[in-house]
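Asker: Take this sequence and fold it.
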Amino acid sequence: MQRFQFRLERVLEWYRKKLRVEEGRLAACLVLVHTAELKIALLQAERSAIESHLLERATIPAADLLNLARYRLRARQEEIELAEERRRLLISAAEQRARVQQAQQRVKLFEKMRERRLTEYTAEEARELENVAADAYLARWPRRRSTTSQAITLEPSDQERPDAAATTKSA
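Answerer: This is a model prediction of the structure:
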């Protein structure tokens, strides 16, 4: 019997490659989301540090308070922009996650098809092997019968003859 060959093996490999590409894209999306979250955290830490440094002073000039107000406005606007970017990136990552799941489902489907075909092939191979073994056994069976019948048709030796045994006992 010829060796097992899944006809759709190339399609399965193509879907596996596509899955790896989609997983790579998802990883890149998640890195971008993490980077945006890091930027937001750094901006908040910077803002807190500047405010606490300024408020630690005993006296605060009016110009510094005006600059702090401007800084807060700019920092708040930047934080809003970063939060919007993070939201867009999260949506993109969710869409990419859905693509990865679809690719995983396709790969699983083809792997199940391959597994089913391999099971069928194995069962077919076992049946064929059983048939060959049965044929080999049956091919030897008539020879056994003929050798048995030859032993029966042969003349029995003197020791095996019943009349010979009786003559030997009487002597």
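Asker: Need the residue closest to the centroid of the protein.
Answerer: In the chain, the residue lying closest to the centroid (C-alpha atoms, centre = their mean) is residue 108, at 7.5 Å.
Asker: for the one helix or strand that one maps to, the distance to its chain's centre please.
Answerer: Per DSSP states H and E, residue 108 falls inside helix 62-153. Chain-centre distance of helix 62-153: 4 Å, with C-alpha atoms, centre = their mean, to the nearest Å.
Asker: For that helix, which helices and strands make contact with it?
Answerer: Packing contacts for helix 62-153, counted by 3 or more C-beta pairs under 8 Å, 6 or more residues apart in numbering; DSSP states H and E, involve helix 9-55. Bear in mind the C-beta positions are built from the backbone N, C-alpha and C, glycine included.
Asker: Now find how far off-centre the helix it packs on is within its chain.
Answerer: Counting by C-alpha atoms, centre = their mean, helix 9-55 is centred 25 Å from the centre of its parent chain.
Asker: I'd like to know which elements it is packed against.
Answerer: By 3+ C-beta pairs under 8 Å, 6+ apart, helix 9-55 packs against helix 62-153.
Asker: so the helix it packs on versus helix 9-55, what angle?
Answerer: With axes from the mean of the first three to the mean of the last three C-alpha atoms, to 10 degrees applied, the angle from helix 62-153 to helix 9-55 works out at 160 degrees.
Asker: thinking again about what came up before, now the residue nearest to the centre of the chain: how far from residue 94?
Answerer: 21 Å (C-beta to C-beta, to the nearest Å).
Asker: next one: residue 132
Answerer: From residue 132 to residue 94 the distance is 57 Å (C-beta to C-beta).
Asker: got it, and residue 8?
Answerer: Residue 8 is 31 Å from residue 94, by C-beta to C-beta.
Asker: Kindly report the same for residue 125.
Answerer: For residue 125, the distance to residue 94 - C-beta to C-beta - is 46 Å.
Asker: of those two, who's got more company?
Answerer: Neighbour totals were compared for residue 125 and residue 94, and residue 125 leads with 14 against 11 (other C-beta atoms under 10 Å).
Asker: Around residue 29, how many other residues sit close by?
Answerer: Here the number of neighbours of residue 29 (other C-beta under 10 Å) works out to 19.
Asker: Give me the spatial nearest neighbour of it, chain neighbours excluded.
Answerer: Using C-beta to C-beta, 6 or more residues apart in numbering and skipping the chain neighbours, the partner closest in space to residue 29 is residue 93 (4.0 Å).
Asker: repeat for residue 64
Answerer: Using C-beta to C-beta, 6+ apart, the closest residue to residue 64 is residue 54 (6.2 Å).
Asker: My guess is the one you found contacts residue 69. True?
Answerer: No - Residue 54 is beyond contact range of residue 69, at 11.0 Å (criterion: C-beta atoms under 8 Å).
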